[in-house]
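Novice: missing the sequence, but the structure's below:
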């Protein structure tokens, strides 16, 4: 709303300086206001579309990072700390000291490994209808005789594409690979291919353990 007010004030100043007619001034401002409200509504709809309320039993699930310090960036629209661009953040950032171990949230199969995107060294695990993604890890992905393998020798991590891993298993360490301003785990959750807010799942997990 504040940005909209600033835009309107600037537009009024420019239009008055150009000695525009009152009727044309009103028409122009109506278009500006209408466009901004339409954009805001569209962004809100997109955020709601990507947030799915899923209730389940989470007693076997594991919190995804050791030595947790703070939630530093939530699910939804934000100004990216590196690019300064407004974009949708499809996950939850969990800050922890560099080198803290990352644990597999739910038992499943490793279906993706990469280290060449803004996500940095990344693991993707499939657990039935659920897909969980872990970004900015330490180590690198190497093409070996066994296929793609994530290797973090200092942390004792060696994870192969296609490997089955249980819930709670150590699968990596918090790093600063990819596009990041500090050590943290970016954790993404998808249900049937749609990103959902991991914080909703964490709240249900802790509520069931009380």
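Specialist: That came in fine, so what should we check first? Predicted model only: the values in this text are computed from it and were never measured. Numbers count the residues shown, from 1 in each chain.

Novice: least trustworthy helix or strand in this protein by mean pLDDT?
Specialist: helix 22-49 (a mean of 40; mean pLDDT, DSSP states H and E).

Novice: Could you tell me which residues within the next helix or strand after that helix count as buried?
Specialist: Going down the chain from helix 22-49, the next helix or strand is strand 70-73, by DSSP states H and E. The neighbour-count check on strand 70-73 (16 or more other CB atoms under 10 Å) flags residue 73 as buried. C-beta: built from backbone N, CA, C; applies to glycine.

Novice: With stretch 147-158 instead?
Specialist: Buried, per 16+ other CB under 10 Å, within stretch 147-158: 148, 149, 150, 151, 152, 155, 157.

Novice: how about the helices in this structure?
Specialist: Secondary structure of the chain (DSSP state H): helices located at 2-17, 22-49, 198-209.

Novice: helices or strands up against the last one?
Specialist: Translated: helix 198-209. strand 92-95, strand 184-191 (3 or more CB pairs under 8 Å, 6 or more residues apart in numbering; DSSP states H and E).

Novice: quick check: angle from it to strand 184-191?
Specialist: 80 degrees (axes from the mean of the first three to the mean of the last three CA atoms, to 10 degrees).

Novice: Make a markdown table from the helices and strands packed on helix 198-209 and add distance to residue 174 and mean neighbour count to it.
Specialist: Output for those, formatted as a markdown table (distance: least, CB to CB, whole Å; neighbours: other CB atoms under 10 Å):
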| stretch | distance to residue 174 | mean neighbour count |
| --- | --- | --- |
| strand 92-95 | 8 | 22 |
| strand 184-191 | 5 | 22 |
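
Novice: surely residue 133 meets residue 91?
Specialist: Yes: shown here, residue 133 and residue 91 form a contact pair, counting by CB atoms under 8 Å, at 6.9 Å.

Novice: More neighbours: which of those two?
Specialist: residue 91 (23 against 19; other CB atoms under 10 Å).

Novice: So what sits opposite the residue nearest to the more buried one when sequence neighbours are not counted in the bridge?
Specialist: What sits nearest to residue 91 in space, not counting adjacent residues and going by CB to CB, 6 or more residues apart in numbering, is residue 188, at 3.6 Å. Counting by DSSP bridges, residue 188 forms beta bridges with residue 133.

Novice: In this structure residue 188 contacts residue 136, no?
Specialist: No: using CB under 8 Å, residue 188 is not in contact with residue 136; the gap is 11.5 Å.

Novice: Next up, the contacts around the closest residue to residue 119 other than its chain neighbours.
Specialist: Nearest residue to residue 119 in three dimensions, chain neighbours excluded: residue 135, at 4.0 Å (CB to CB, 6+ apart). Applying CB atoms under 8 Å, 6 or more residues apart in numbering to residue 135 gives the contacts 91, 119, 120, 121, 122, 178, 185, 186, 187, 188.

Novice: Near the residue nearest to residue 149 when sequence neighbours are not counted, how many other residues are there?
Specialist: Sequence neighbours aside, residue 160 is the residue nearest to residue 149 in space, at 5.0 Å (criterion: CB to CB, 6+ apart). Per other CB under 10 Å, the neighbour tally for residue 160 reads 16.

Novice: Kindly report the same for the one 5 residues further on.
Specialist: Counted by other CB under 10 Å, the residues lying close to residue 165 total 20.

Novice: Cool, thanks, signing off.
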